[in-house]
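Student: Everything below, folded, please.
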Amino acid sequence: MNIDLRSDTITIPCNKMLKTMMSANVGDDVWEEDFKVKELEKKLSAMFGMESGLFCPSGTMANQIAIRVHTKIGDQVICDSSSHIYNYEGGGAASNSGVSIKLIDGDFGKISLNQIKSCINPDDPHYPRTKLIALENTSNKGGGSCYDMESIIEISDFCKKNNFGIHLDGARIFNALVATNQNPIEYGKAFDSISICLSKGLGAPIGSVLLGKKDFIYNAKRVRKTLGGGMRQVGYLAAAGIFALENNINRLLDDHKRANRIYEVLLNCKFVKYVKPCETNIIIFQLHSQYISNTLNVLDQNKILYSRFGEDMIRFVTHLHFTDKQLVSLIKVLNSLN
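Tutor: The predicted model follows:
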């Protein structure tokens, strides 16, 4: 049997989730008649204290819609150099919105207010207009790192004072909330828009929700249509999202504990050159060059699946299908490499 640690997106619905999906009261969401979609959008909006929500097929689409609504052609978005909106969304910021991106090398994916201030362009026609600040929490390439609320609030206050939009790629926001005991309402106060993925640690098969003010979501719905994201009887999928929110948030702590145990083991492995700090469910580590081939061969032989970030970097992601029994087996394989 494979031990699949490539991503927390590989999970499939449990029987209870499937039953919930099949019994959903649905309608045509393009006509705004799908009751489960409305329930999901209202549920997440209320959790974060935001006015409205929009169900989208993916987190990438939710992020791209947000960028499009916040900006005009020729504007500039500021984000971390490791961010998903820059690295893993197919150049969508350029092709969908016609914006440029100013990259900051943050601290494990987290950018500071001082770094942002240093990147704001002057009001000069030679430069693109700085329009949007985008944060990612948790940070995927940062190793699942979490922002502290104090940093978020000071960045938010600066954006509001200077009329910059502020968007959160919250694909794994519930991992951050569980790890830090932060209040989601504070996020709703700090951000103009938030994208929340339901198909990662929460275990739903598909879907993200974009949150914002009513007028923002009104415009977002138009952009979703142009991107082909309007869906019909999609309440079956929204029902899975509701089930995930009601059953799978607190259990994220189990993923974090297992990830931290892997992190502790890797710290003492001779084939490991470096391990990024582990705060949530993502472990990223660098291999010593002389051990790359053997390490990968042993992992492959033992059917341990992983993601590679370049030649010598490996990512493990724990999730609801990764069990304590699999954890023991993984640790045994890792220790055998010493």
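Student: contacts, neighbours, all on C-alpha from now
Tutor: Noted.
Student: Not counting its neighbours along the chain, what's nearest residue 184?
Tutor: The shortest distance from residue 184 to any non-neighbouring residue, by Cα to Cα, 6 or more residues apart in numbering, is to residue 48 (4.9 Å).
Student: just checking, residue 244 touches residue 204?
Tutor: Yes: using Cα atoms under 8 Å, residue 244 makes contact with residue 204 at a distance of 6.1 Å.
Student: quick one, which of the two is more surrounded?
Tutor: When neighbours are counted by other Cα atoms under 10 Å, residue 244 and residue 204 differ, and residue 204 comes out ahead with 28 against 20.
Student: thought the more buried one was touching residue 246?
Tutor: No: assessed by Cα under 8 Å, residue 204 is found out of contact with residue 246, at 11.5 Å.
Student: Nearest residue to the residue sitting nearest the centre point of the chain in space, please, no chain neighbours.
Tutor: Centroid-nearest residue in the chain: residue 171, 2.2 Å away (criterion: Cα atoms, centre = their mean). Of all residues not flanking residue 171 in the chain, residue 197 sits nearest, at 4.5 Å (Cα to Cα, 6+ apart).
Student: count of neighbours near the one you found?
Tutor: Neighbour count for residue 197, taken as other Cα under 10 Å: 29.
Student: shift numbering so it begins at 57
Tutor: Let's use 57 as the start, then, which means that last one is residue 253.
Student: which residues does it contact?
Tutor: Shown in contact with residue 253 (Cα atoms under 8 Å, 6 or more residues apart in numbering): 114, 115, 226, 227, 228, 263, 264, 265.
Student: from these, which single one is nearest residue 335?
Tutor: The nearest member of the contacts of residue 253 to residue 335, counting by Cα to Cα, is residue 228 at 12.2 Å.
Student: how far away is the closest one from residue 137?
Tutor: Counting by Cα to Cα, to the nearest Å, the gap from residue 228 to residue 137 is 18 Å.
Student: More neighbours: these two, which one.
Tutor: The neighbour comparison of residue 228 against residue 137 (other Cα under 10 Å) goes to residue 228, with 26 against 19.
Student: wait, isn't the more buried one in contact with residue 202?
Tutor: No: applying Cα under 8 Å as the test, residue 228 and residue 202 come out as separate, 9.8 Å apart.
Student: any common contacting residues for these two?
Tutor: 193, 194.
Student: what's the residue nearest to residue 227 sitting at in phi/psi?
Tutor: Residue 253 adopts backbone torsions of phi -90, psi 140, taken as degrees, to the nearest 10.
Student: got TSV for the contacts of residue 253, with pLDDT too?
Tutor: TSV is the format used below for those (pLDDT from 0 to 100):
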residue	pLDDT
114	98
115	98
226	98
227	98
228	98
263	97
264	98
265	98
